[in-house]
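1. The sequence and its predicted three-dimensional model are supplied below.
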Amino acid sequence: MKFSLSWLKSVLDTKADARTIAEKLTSLGLEIEGVEDASAALTQFRVARVLTAEKHPQADKLQVLSVDLGDGTPLQVVCGAPNARAGLVGVLGTAGAVVPANGMVLRNSAIRGVESNGMMCSTRELGLGEDHDGIIELPEDAPVGTSFADYIGSDPVFDVAITPNRPDCMGVYGIARDLAASGLGVLKPIAAEAVAGSFPCPVEVRTDDAQGCPAFYGRVIRGVKNGPSPKWLQDFLKSAGQRPISALVDVTNFVMLGYGRPAHAYDLAKLSGAVVARKAVAGEKVVALNGKEYALEPWMTVIADDTGVHDIAGIMGGEHSGCGDDTTDVLLEVAYFDPPSIARTGQALALASDARGRFERGVDPAFLDTGMDLLTSLILEICGGEASEVIRAGEPPVARKSVAYDPALAGSLGGIDVADAEQKRILAALGFEVADDWAVTVPTWRPDVDGAPDIVEEVIRVHGLDAVPSTPLPRADGVAKPTATPAQMLERRVRRAAAARGLHEAITWSFLPEAEAAHFADGEALWTLANPISEDLKTMRPSLLPGLLSAVKRNLDRGASSVRLFEVGRRYLRGANGASDEKLSLGVVLAGDKVARGWASGKAQVFDAFDAKAEAMALLAEAGAPVDSLQVMGEAGPQFHPGQSATLRLGPKTVLARFGVLHPTTAKAFDIDGPVVVVELFLDRIPAKKGAGAFARPHFAPPPLQAVTRDFAFLVAAEVAAGDLLRSVKGADKANIVAARVFDDFRGVGVPEGQKSLAIEVTLQPVEKSYDEAALKAVADKVIAAAAKQGAVLRG
Amino acid sequence: MEQLDQQQTETLAAIADAATPDAVEAIRVAALGKQGWVSALLKSLGGMTPEQRTSEGPKIQGVREAVTAALASRKAVLESAVLEARLAAETVDLSLPAPEMPKGSIHPVAQVMDELAEIFADMGFAVASGPEIEDDWHNFTALNMPETHPARAMHDTFYFPDKDADGRSMLLRTHTSPVQIRTMLKEGAPLRIIAPGRVYRSDSDATHTPMFHQIEGLVIDKGIHLGHLKWTLETFLKAFFEREDIVLRLRPSYFPFTEPSVEVDVGYTLVGGKRVVGGSGDAADGGWMEVLGSGMVNRKVIEFGGLDPDEWQGFAFGTGVDRLAMLKYGLDDLRAFFDGDARWLGHYGFGALDVPTLSGGVGVRS
């Protein structure tokens, strides 16, 4: 909301300067977004008189002027304006002046061979309006030589952000009231005298929609002469960023911006029959003042006559019946519309307007007559004419709310004790009435106030929020307790573990292009936005991998030779009862070189599925998953290389992770060349540790006897998983075998076709006495027997 | 005996001249081996009379000791030379690079969230969370924004076409505030929580991304007032920026879920064209910057949270985590936060061991 200092001063008697006012507005909660003073840019321009004007010798459209600045030495200025002529008093910028409209610095130069020592300026060039048809023409008696800034006078414009709870401050008068309450001046009474009509209103005005339009006041003014409005009005409107249109339109805008009271003026000649507020009829359409056609729904309130809809009630007038230069009789509409209805209609039509903004927040329901008086007296004054009597259809909801208040609340809720008398003064200045028992009656222009905390806010904000003293929050005794949940601890731990393993943490969008999300949907129903900001940010991710893959692609495109990214975040699935089910996940993508070519290591090495497995196992271990009990199984998903991917499962069903080489088709879908390996950890599925856990560790005693190792080489069918054979071997004699690991997988010479040789190192831990030959043979026999169950034969 | 002296002298000279360990060994065999001349002399002692033994014995023993010592000494010298020669041949160029370990990083947003959790834990705030795909009741209605509330339109909400089982419209939460409602309903009062997380608004320009991070704070207790809110925010910002000269400016504002509502500006000083938090915004080279929205929790919100507003009151606040990270660590491009550019992450990210602690300071200085 913008307005000039002079507009403010027309309703507030104050001596405060613009800076003081601006600071006070911010401290009142009417946040200043800027204070602009157009005259500040005009100090280098001066009032000047054209003494002579002659044709430019080289150009038809230019003139050579002799311009007087009052100092006795006229300047020669070349000018292209059609209205430049001897005797004209205008505005001259000389060398060094900066043209406000375009930032151009003026300098002396030759134009088509004729020296020019300045520029006679148009309204637009000085940033004072749109007029650029010619140079500014000032009155004959304008003081030649004076600074133009001084001539037009400084009139700073305030730009204030009005919060949605303050419809009363969507008019200059309401802002002035707040300032007056804060001690920055005296609010002037509204100067609107009631105008008695001299004839009955010739048009029937009524409301058939008491819900949407509880009150509709109308009056005709006949015999008006529309045309440009007076300068003071135009200046006010321009300061508010409004373009003056015509007196009739400008007057309604003035009352809206000055008093927060929207109204509408119809050209009576374009109406026929009764003018009625009613619900729209299905299929009805109207072309609004913005030139667009709107299809109306039967629950929307409109103003219509016998021929059709003329106004989307409270939002925007119709093009057909608006006032123009030839308007002679006007019908004024001052109505009260139901705020929620206006909001719904505005949202449904996606139509914003100054009127809607005020009606949907709630205009003062007791201001209809005052608004009508303001409009009438201004129109009669500016346009002449004769006013009819007012028809008042319906009744606005003027009942005033009463709030039970306790002045102690300022301290107990607001944190600062304010004397009772001061509280009463503040409330009275804001228009509240305070009874002896502190029942507070709320003014009709404050629909936002409906409880005691609202009253506290009024008192505190005028008293000064900055005065509230800081009060330490009561502290629990002793050392602060841990506050993180197990899930948060898990998230922090895997995050730092992944970073410690050399991976960069990325944060990628939660929403993806639909196709990328679908690629990783694995049969889940996805969440897709109805109103995405773009097609690229449309469907919620069912996995962290697609977002990371796109990030990897961007890195590779930038020339990265090796990319290691991870992300910890949610994947978005469907839950019970239509709710969402968001699960904590960790994704890793490794692409490019695992090891760059090196003087010692030779050629560059690329990532393979075992690198993915290493990350999966290490991070699962950090996450507290029982990694020793995990089974490596297949079915990582169609996004993976079928022969180089796996799942890690706890039991046959609970998949804790999937990892492996990306399927070439998936890599292609993400436009990535070269092998990419990925890991996805389903952190939500990691079983919670049982019990709270104790600090003390289980007892450890180093075994007194040294462990021994024995190697076994088995021939086994190539398709048997090494992990299965290993598990059998390890479980062959649990009393003695404490570890077993595969150290060779050989196929080729000496190994029959379709088979492989797996070498396993078994670690045996003697407990009571060292092993003798017989004991070692007994263990070896058990190992061989266990391996045989996997079809393995000891290699001779 | 002169013969013995001469033999010893010759042998010692030969040892000194020996050029290789093998030559030393040959001399040792010739002197001290089974057939060696020193060994023969030692054996001859057995055939001597006691008197002869007394006079000859020490001399022969003296020769043996001298030869043995000379052999050992020469051997050590020669072996050391061999070792030195071998080591010299094993020299490597240690200016060559060692095997590289990739260096990972923690994203600034995650780091700052950890910092915030640490600071607020000290003030007794637990960390709470809630779904990002919310229903409009939790995101709006329960926060005192009924369907036609103008503030709803200001939120630029992303909607899903879906409705939940209760007929509520599903949307992406526009703030972390629904966690207030969920936590009140689940845990009752008293409460002290922070709720960090992703939030979404349909807004995209140089300083806005459609996804960003917020942190919400909520205190519900008895006798909590605006002064407590002010202290909490001051303490938090002082702890976060690790500066004592933090100056706050509180402005009345409007949020449907708080009453009174307070917008909080923090004073900054322009240092080399960049905003550095600290000092009064009214100072010559200073300014005010909006950092937090806050207020006393609206009675209706407490009711929607299942609590009695006559018994419980409290305050809430919310701020942008990304913005806090930018302010503290001098990042200037919000869009880069979500790009996953490894160069950016390596530059602005934090080490795995940079775990914020109160004892070590929650921030990481460069």
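-> Cool, got the structure. Bear in mind that the values here come from a model prediction, so they are computed numbers and not experimental data. Numbers count the residues shown, from 1 in each chain, chains lettered A, B, ... in the order given.

2. any idea how far chain B is from the most centrally placed residue in chain A?
-> By C-alpha atoms, centre = their mean, chain A has its centre lying nearest to residue A:533, at 11.8 Å. Note on residue A:533: its distance to chain B, by C-beta to the nearest C-beta, to the nearest Å, is 5 Å. From N, CA and C alone the C-beta is placed, and that goes for glycine too.

3. ditto for residue A:428
-> Distance, residue A:428 to chain B, by C-beta to the nearest C-beta: 19 Å.

4. So that residue: helix, strand or coil?
-> At residue A:428 the chain is in helix, as set by DSSP: H, G, I helix; E, B strand; the rest coil.

5. contacting residues for it?
-> Contacts of residue A:428 were listed using C-beta atoms under 8 Å, 6 or more residues apart in numbering or on different chains, and they are residue A:434.

6. Doesn't the residue nearest to the centre of chain A belong to a strand?
-> No: according to three-state DSSP, residue A:533 belongs to no strand; its state is coil.

7. Verify the stated contact: it with residue B:200.
-> No: using C-beta atoms under 8 Å as the test, residue A:533 is too far from residue B:200 to be in contact (9.4 Å).

8. On the pLDDT front, check residue A:618 for me.
-> Confidence at residue A:618, expressed as pLDDT, is 97.

9. Please enumerate the shared neighbours of residue A:533 and residue B:200.
-> Residues touching both residue A:533 and residue B:200 (C-beta under 8 Å, 6+ apart) are B:158, B:210.

10. how about the helices of chain B, start to end?
-> Secondary structure of chain B by DSSP state H: the helices cover B:2-17, B:21-32, B:37-44, B:50-89, B:108-122, B:136-139, B:150-154, B:178-187, B:226-241, B:299-304, B:321-329, B:342-348.

11. List the buried residues of the fifth one.
-> Right, the one you point to is helix B:108-122. For helix B:108-122, the neighbour count (16 or more other C-beta atoms under 10 Å in any protein chain shown) marks B:108-122 as buried.

12. Also the fourth one?
-> When neighbours are counted by 16+ other C-beta under 10 Å, the buried residues of helix B:50-89 are found to be B:56, B:60, B:63, B:64, B:66, B:67, B:70, B:71, B:74, B:75, B:78.

13. Now do the residue nearest to residue B:224 when sequence neighbours are not counted against residue B:226, distance only.
-> Excluding its sequence neighbours, the residue lying closest to residue B:224 (C-beta to C-beta, 6 or more residues apart in numbering or on different chains) is residue B:314, at 4.7 Å. The gap separating residue B:314 from residue B:226 is 11 Å, by C-beta to C-beta, to the nearest Å.

14. and what of residue A:491?
-> From residue A:491 to residue B:226 the distance is 34 Å (C-beta to C-beta).

15. low pLDDT regions in the stretch 551-700 of chain A?
-> Residue ranges of the stretch 551-700 of chain A with pLDDT under 70: A:690-692.

16. Check it for the residue nearest chain B and tell me.
-> residue A:551 (2.8 Å; C-beta to the nearest C-beta).

17. quick one, longest strand in the chain?
-> I'll assume chain A. strand A:580-595 (DSSP state E).

18. was after chain B, sorry
-> Max-length strand for chain B by DSSP E is strand B:258-271.

19. could you check the angle helix B:226-241 makes with that strand?
-> 30 degrees (axes from the mean of the first three to the mean of the last three C-alpha atoms, to 10 degrees).

20. Kindly format the C-alpha coordinates of stretch B:77-94 as PDB.
-> Extracted C-alpha coordinates of stretch B:77-94, given in PDB (Å, rounded to 0.1, in the frame of the first residue of the first chain):
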ATOM      1  CA  VAL B  77      82.200 -52.600   8.900                       C
ATOM      2  CA  LEU B  78      81.900 -54.600   5.800                       C
ATOM      3  CA  GLU B  79      78.300 -55.700   6.500                       C
ATOM      4  CA  SER B  80      77.300 -52.100   7.200                       C
ATOM      5  CA  ALA B  81      78.800 -51.100   3.900                       C
ATOM      6  CA  VAL B  82      76.800 -53.800   2.100                       C
ATOM      7  CA  LEU B  83      73.600 -52.700   3.900                       C
ATOM      8  CA  GLU B  84      74.200 -49.100   3.000                       C
ATOM      9  CA  ALA B  85      74.800 -50.000  -0.600                       C
ATOM     10  CA  ARG B  86      71.600 -52.000  -0.600                       C
ATOM     11  CA  LEU B  87      69.600 -49.200   1.000                       C
ATOM     12  CA  ALA B  88      71.100 -46.700  -1.400                       C
ATOM     13  CA  ALA B  89      69.800 -48.800  -4.200                       C
ATOM     14  CA  GLU B  90      66.300 -48.900  -2.600                       C
ATOM     15  CA  THR B  91      65.900 -45.100  -2.600                       C
ATOM     16  CA  VAL B  92      62.400 -44.000  -3.800                       C
ATOM     17  CA  ASP B  93      61.300 -40.500  -4.800                       C
ATOM     18  CA  LEU B  94      59.000 -39.500  -2.000                       C
END
